[in-house]
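Chemist: Quick one, structure for this:
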Amino acid sequence: QVQLVESGGGSVQAGGPLRRSCAALGYTSSIDCMGWFRQAPGKGREGVATVDSDGSTSYADSVKGRFTISQDNAKNTLYLQMNSLKPEDTAMYYCAARYAGCRFWAEQYNYWGQGTQVTVSS
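Modeler: Purely as a prediction, here's the structure:
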């Protein structure tokens, strides 16, 4: 079993930065991919960024150049640095882990963090 514990997030004005963290606990050695997803009110859960076990990253077009996903393998911690935030980035943000290569389809992830609200005001 794997437990994902998230921290960070909160409220910020447009243009500002926020950083999310996600600590992976338990049997993490078989995890091949970790990612960040978000869900705005009335919308489905969408992929934001992923990183696989060899360090390859992928980003949604809407966040490219503004968000950076990274991981500290020694600490089993995943990060999402969000810069130049926009009001449309407002959503619940979740980290997720998968026992296979990275995809942007939420249904294919095995474990989820508890989620944290990110609110960007204009």
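Chemist: which SSE is the residue nearest the centre of the chain in?
Modeler: Against the mean C-alpha coordinate of the chain, by CA atoms, centre = their mean, the closest residue is Trp36 at 2.0 Å. Assigned by DSSP states H and E, Trp36 belongs to strand 33-39.
Chemist: Check which helices and strands that strand is in contact with.
Modeler: strand 18-26, strand 46-52, strand 67-72, strand 77-82, strand 91-98 (3 or more CB pairs under 8 Å, 6 or more residues apart in numbering; DSSP states H and E). Yep, even glycine has a C-beta here, placed from its N, CA and C like the rest.
Chemist: who does the helix or strand following the last one pair up with?
Modeler: Past strand 91-98, further along toward the C-terminus, the next helix or strand under DSSP H and E is strand 111-112. Sheet pairing here is set by DSSP bridges, and for strand 111-112 it gives strand 91-98 (antiparallel).
Chemist: Quick one: mean pLDDT for the strand it pairs with?
Modeler: Strand 91-98 shows a mean pLDDT of 96.
Chemist: Okay then, goodbye and thanks.
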